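>>> Here is my input; please provide its structure:
(6 chains)
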4 protein chains.
Amino acid sequence: MILIDYKDPRPIYEQVVDRFRLLILNGGLKADDKMPSVRMLAMDLSINPNTIQRAYAELERRGYIYTVKGRGNFVSDTDKFRDEYRTEIFGRLDEICDDACKAGITAGELTEHIEKRSEEGEKRNKEGGNGE
Amino acid sequence: MILIDYKDPRPIYEQVVDRFRLLILNGGLKADDKMPSVRMLAMDLSINPNTIQRAYAELERRGYIYTVKGRGNFVSDTDKFRDEYRTEIFGRLDEICDDACKAGITAGELTEHIEKRSEEGEKRNKEGGNGE
Amino acid sequence: MILIDYKDPRPIYEQVVDRFRLLILNGGLKADDKMPSVRMLAMDLSINPNTIQRAYAELERRGYIYTVKGRGNFVSDTDKFRDEYRTEIFGRLDEICDDACKAGITAGELTEHIEKRSEEGEKRNKEGGNGE
Amino acid sequence: MILIDYKDPRPIYEQVVDRFRLLILNGGLKADDKMPSVRMLAMDLSINPNTIQRAYAELERRGYIYTVKGRGNFVSDTDKFRDEYRTEIFGRLDEICDDACKAGITAGELTEHIEKRSEEGEKRNKEGGNGE
DNA sequence: GTGGTCTAGACCACC
DNA sequence: GTGGTCTAGACCACG
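Modelled structure (predicted):
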């Protein structure tokens, strides 16, 4: 469910946060689903429970999960995050456009690149490829 | 010429590297131009010379500048880096496309967003305004 | 494990890098082995932690080790560097051949020198002596 | 006669020393030939006379040239340096052999590499190539 | 004047 | 405990 890459320079708790965040946004985890318990997950991943605790705290702070004392952690209502995520994506896209502009890349080249990728993706899907 | 943003979570030396990298790629600094001396720049920015030294070492390692001992640091021949930078930009764009896809954003929405930005940019230019 | 030669004109951090590089390439350190901690090694060698830090940063940059924050530095998968090292050796050999040529030394003299050394080495091994 | 490469990380005076050293060892400069005057050479190369002065001092220290006050610098008797240079070459070759051994490269591979290079060199000469 | 290295000591984030 | 960054100040080599 969750994989950690020790060669990834990002801190472990951040990797855990990101993994769950994507799972929730993808629909892999739905509203009110139970999160794995801190201890269990720490055992599974062979990492320090404190690290999981911190990841869950961060997820709760951002509103992705909520805690019920004595029962565990649960996924929040996910709809409200969709827009947030979209905004983030478009924000990153804006940054790229700025940097591209500085490097003399035109908006046309960017859109062309995206369309090409998109077509290739469709082709792969038609051929019955496996998304993962 | 160079500005440091203390709210930026990235280390100072990395900000310095990026600033100069863009200046060189943009043509703001041309081949064999002299870089500010380590000590002078450190004074100007009110930061420690070691931090500038580290930034310059990184720029030299990446081939953006070269050092002549006792004389200073100078900008390298820059052409060969243009392509590298383009590749980096398109790589980041690919990442966004993947993430957008996971969030249910279509390629069309992305291209539309870019085109809209692009048109706004042109309009600002026509009006002769200076955004900064 | 690591020795520093203060008579060596090369900077200390570079000596440290080279020592570990050879240890890793020789198999003295294997993939995912833990490197000595920055502070411990600095104490052992009676040098400043910053100097070790710099050496480790260089090793990481070159891909010989990877860092897990809060845990330490670990040896990377080493196989891919073997070829790189071979290429480096033969490159240095090429340089010598050029210089030898300028000095009027023939290829034959060079090969003869190598063969002689090689035989002496074998003899020493047979006698079971330990040169160090 | 002498070229300086500002992108070479070695100090300038060292480049000058090496250039003259090779010229003398190659026979480009012969015993009692007059060296260019410090001032003239400094002007030609557009560098500081101090730097040439230092290079000449180093060449004199090593015995490659001798100074006659008021007349200039002259090349020493060159024969005695041939052996020194040969020794240096073989010393470097020894180092390579050691490093090669650590990397699991056999003496046979080294000699084979040299012979191959040597044959290629001869072929190029036959075809009337221009060495420089 | 220039850059390069090193030390000493501090502070932060991470586990 | 771990590594990463930064400061302050020193010393050296080079031009």
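>>> Kindly list the main-chain dihedrals of the residue in chain A positioned nearest to chain C?
For chain A and chain C, the shortest gap (CB to the nearest CB) falls at A:Lys7, measuring 4.8 Å. From N, CA and C alone the C-beta is placed, and that goes for glycine too. Phi and psi for A:Lys7, reported as degrees, to the nearest 10, are phi -90, psi -10.
>>> Repeat that for the one 3 residues further on.
Note on A:Arg10: its backbone torsions stand at phi -70, psi 150 [degrees, to the nearest 10].
>>> if we can go back for a sec, which residue packs closest to the residue of chain A closest to chain C, ignoring adjacent ones?
C:Tyr66 (4.8 Å; CB to CB, 6 or more residues apart in numbering or on different chains).
>>> And the closest residue to A:Gly27 other than its chain neighbours, what's its pLDDT?
Ranked by CB to CB, 6+ apart and with sequence neighbours excluded, the top spatial neighbour of A:Gly27 is A:Thr78, at 7.6 Å. A:Thr78 is assigned a predicted lDDT (pLDDT) of 80.
>>> mind checking how far the closest residue in space to A:Met35 that isn't next to it in sequence is from A:Lys34?
Spatially, and ignoring its direct neighbours in sequence, A:Met35 is nearest to A:Asn73 (4.0 Å; CB to CB, 6+ apart). When distance is defined by CB to CB, to the nearest Å, A:Asn73 is 7 Å away from A:Lys34.
>>> Do you have the strands of chain A handy? List them.
Taking DSSP state E to define them, one finds strands in chain A at A:65-68, A:72-75.
>>> For the last one, list every residue counted as buried.
Neighbour counts over strand A:72-75 (16 or more other CB atoms under 10 Å in any protein chain shown) mark A:Asn73, A:Val75 as buried.
>>> Dump that strand to PDB, restricted to CA.
Taking C-alpha atoms only, strand A:72-75 is exported to PDB below (Å, rounded to 0.1, in the frame of the first residue of the first chain):
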ATOM      1  CA  GLY A  72      -7.900   5.400  15.100                       C
ATOM      2  CA  ASN A  73      -7.500   7.700  12.200                       C
ATOM      3  CA  PHE A  74     -10.000   8.100   9.400                       C
ATOM      4  CA  VAL A  75     -10.100   9.600   5.900                       C
END
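>>> What pLDDT is listed against the residue nearest to A:Arg21 when sequence neighbours are not counted?
In this structure, A:Arg21 finds its nearest non-sequential neighbour in A:Tyr64, 6.1 Å apart by CB to CB, 6+ apart. Note for A:Tyr64: predicted pLDDT of 94.
>>> go on, A:Asn130?
At A:Asn130, pLDDT is 55.
>>> which parts of chain A sit against DNA strand E?
Contact residues, chain A versus DNA strand E (CB under 7 Å from any atom of the strand): A:Pro11, A:Ile12, A:Tyr13, A:Glu14, A:Ile47, A:Asn48, A:Asn50, A:Thr51, A:Arg54.
>>> correct me, but the residue nearest to A:Lys7 touches C:Phe74?
Yes: the pair C:Tyr66 / C:Phe74 is scored as a contact, 5.8 Å apart, by CB atoms under 8 Å.
>>> joint contacts of these two?
Shared contacts of C:Tyr66 and C:Phe74, defined by CB atoms under 8 Å, 6 or more residues apart in numbering or on different chains, comprise A:Tyr6.
>>> can I get the CA coordinates of stretch A:30-42 in CSV?
C-alpha atoms of stretch A:30-42 as CSV (Å, rounded to 0.1, in the frame of the first residue of the first chain):
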residue,chain,number,x,y,z
LYS,A,30,-12.5,7.0,0.5
ALA,A,31,-14.2,9.2,3.1
ASP,A,32,-14.4,7.5,6.5
ASP,A,33,-12.1,4.7,5.5
LYS,A,34,-9.9,3.6,8.4
MET,A,35,-6.2,4.4,8.1
PRO,A,36,-3.8,1.7,9.2
SER,A,37,-2.9,2.1,12.8
VAL,A,38,0.3,3.9,13.6
ARG,A,39,2.0,0.9,15.2
MET,A,40,0.9,-1.6,12.5
LEU,A,41,2.1,0.6,9.7
ALA,A,42,5.4,1.3,11.5
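>>> Relative to the whole chain's centre, how far out is it?
Chain-centre distance of stretch A:30-42: 16 Å, with CA atoms, centre = their mean, to the nearest Å.
>>> Whichever residue of chain A sits closest to DNA strand F: how many residues sit nearby?
Ranked by CB to the nearest atom of the strand, the top residue of chain A for proximity to DNA strand F is A:Pro9, at 7.7 Å. A:Pro9: 11 surrounding residues under other CB atoms under 10 Å in any protein chain shown.
>>> ok, for it, nearest residue in space, not its chain neighbours?
Leaving out its chain neighbours, the residue that sits closest to A:Pro9 by CB to CB, 6+ apart is C:Thr67, at 6.6 Å.
>>> and the one you found, what is it in contact with?
Going by CB under 8 Å, 6+ apart, C:Thr67 touches A:Pro9, C:Tyr56, C:Glu60, C:Asn73, C:Phe74.
>>> quick check, nearest of those residues to DNA strand E?
Ranked by distance to DNA strand E (CB to the nearest atom of the strand), the contacts of C:Thr67 are led by A:Pro9 at 9.9 Å.
>>> Now do that closest one, the pLDDT please.
If you check A:Pro9, the pLDDT there is 92.
>>> How about the contacts made by it?
Contacts for A:Pro9 (CB under 8 Å, 6+ apart) come out as C:Tyr66, C:Thr67, C:Lys69.
>>> Any chance of CSV for those residues, columns distance to D:Arg21?
Listed next are the contacts of A:Pro9 as CSV, based on distance: CB to CB, whole Å:
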residue, distance to D:Arg21
C:Tyr66, 43
C:Thr67, 44
C:Lys69, 49
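>>> mind checking how far the residue nearest to A:Ala42 when sequence neighbours are not counted is from A:Lys69?
In space, and not counting its chain neighbours, A:Ala42 is closest to A:Pro49: 4.0 Å by CB to CB, 6+ apart. Per CB to CB, A:Pro49 is found 17 Å from A:Lys69.
>>> who has more neighbours, these two?
A:Pro49 (14 against 5).
>>> what's around the nearest residue to A:Asp5 once chain neighbours are set aside, how many residues?
Spatial nearest neighbour of A:Asp5, chain neighbours left out: A:Gln15 (6.9 Å); criterion: CB to CB, 6+ apart. Counted with other CB under 10 Å, residues neighbouring A:Gln15 total 19.
>>> With A:Leu45 instead?
Residues near A:Leu45, counting by other CB under 10 Å: 18.
>>> How about it: what's its closest non-neighbour residue?
Ranked by CB to CB, 6+ apart and with sequence neighbours excluded, the top spatial neighbour of A:Leu45 is A:Ile4, at 5.7 Å.
>>> Let me see the contact set for A:Val17.
If you count contacts by CB under 8 Å, 6+ apart, then A:Val17 has A:Ala55, A:Glu58, A:Leu59 around it.
>>> now, which of those sits nearest chain B?
Using CB to the nearest CB, A:Glu58 comes nearest to chain B of these, at 15.2 Å.
>>> Distance check, A:Asn125 against chain D.
47 Å (CB to the nearest CB, to the nearest Å).
>>> What residues does the residue sitting nearest the centre point of chain A make contact with?
The residue lying closest to the centre of chain A (CA atoms, centre = their mean) is A:Leu22, at 2.9 Å. By CB under 8 Å, 6+ apart, the contact set of A:Leu22 is A:Gly28, B:Lys102.
>>> same thing but at 10 Å, please
Neighbouring residues of A:Leu22 by CB atoms under 10 Å, 6 or more residues apart in numbering or on different chains: A:Gly28, A:Leu29, A:Tyr85, B:Asp99, B:Lys102, B:Ala103.
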